[in-house]
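>>> Generate coordinates for the sequence data below:
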Amino acid sequence: MGIDAVGNVETDDVMKLVQDVTEGYGADVMVKATSARAAVDLAMELVCRRGVFVPTGIFNDHISIDFHNIKKKELTVQGSHAQIPSSWTRAIKLV
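Got it, this is the predicted structure:
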């Protein structure tokens, strides 16, 4: 298990990157490591059917999520919350 590609939405066309790397299939796992609301929609669009979505960023307010997309794609949403930076290093090694 490993990471095949990493994209930056500010410098990369991440939609094209994911489509190219996965041959149009979509990412098996999407880790959203930002508090940007738009990142949730993008990550859920890029993850493949029956994929895993892990939101790790912290939101200041409640957000709405497209549960129809979760159901339609049969996604697994895995919560994650780390309190100290050393936990982040251990978590990345697990991916």
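>>> and stretch 3-13, C-alpha only, in CSV?
What follows is stretch 3-13, C-alpha atoms only, in CSV (Å, rounded to 0.1, in the frame of the first residue of the first chain):
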residue,chain,number,x,y,z
ILE,A,3,0.9,6.7,-2.5
ASP,A,4,1.1,6.9,-6.3
ALA,A,5,0.7,10.6,-6.7
VAL,A,6,0.2,13.8,-4.8
GLY,A,7,-1.4,16.9,-6.3
ASN,A,8,-1.6,20.6,-5.3
VAL,A,9,-4.8,22.3,-6.4
GLU,A,10,-2.9,25.6,-6.6
THR,A,11,-0.4,24.4,-9.1
ASP,A,12,-1.7,21.2,-10.6
ASP,A,13,-4.8,20.1,-12.6
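>>> Only the buried residues of it, if you could.
By neighbour count with 16 or more other C-beta atoms under 10 Å, stretch 3-13 contains the buried residues Gly7. C-beta coordinates here come from the backbone N, C-alpha and C atoms, glycine included.
>>> and Arg49, that's in a strand?
Yes: per DSSP: H, G, I helix; E, B strand; the rest coil, Arg49 lies within a strand segment.
>>> any idea what sits nearest it, other than its immediate chain neighbours?
Spatially, and ignoring its direct neighbours in sequence, Arg49 is nearest to Lys73 (4.9 Å; C-beta to C-beta, 6 or more residues apart in numbering).
>>> Run through the strands of this structure in chain order.
Using DSSP state E, the strands assigned to the chain run over residues 27-32, 47-55, 76-77.
>>> Tell me which residues of the second one come out buried.
Using 16+ other C-beta under 10 Å as the test for burial, strand 47-55 gives Val47, Cys48, Gly51, Phe53, Val54, Pro55.
>>> and those residues as CSV, adding distance to Asp28 and pLDDT?
CSV is the format used below for these (distance: C-beta to C-beta, whole Å; pLDDT from 0 to 100):
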residue, distance to Asp28, pLDDT
Val47, 8, 94
Cys48, 6, 95
Gly51, 5, 95
Phe53, 11, 91
Val54, 11, 89
Pro55, 16, 85
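>>> What is the nearest of these to Thr34?
Nearest to Thr34 out of these is Pro55 (C-beta to C-beta; 9.3 Å).
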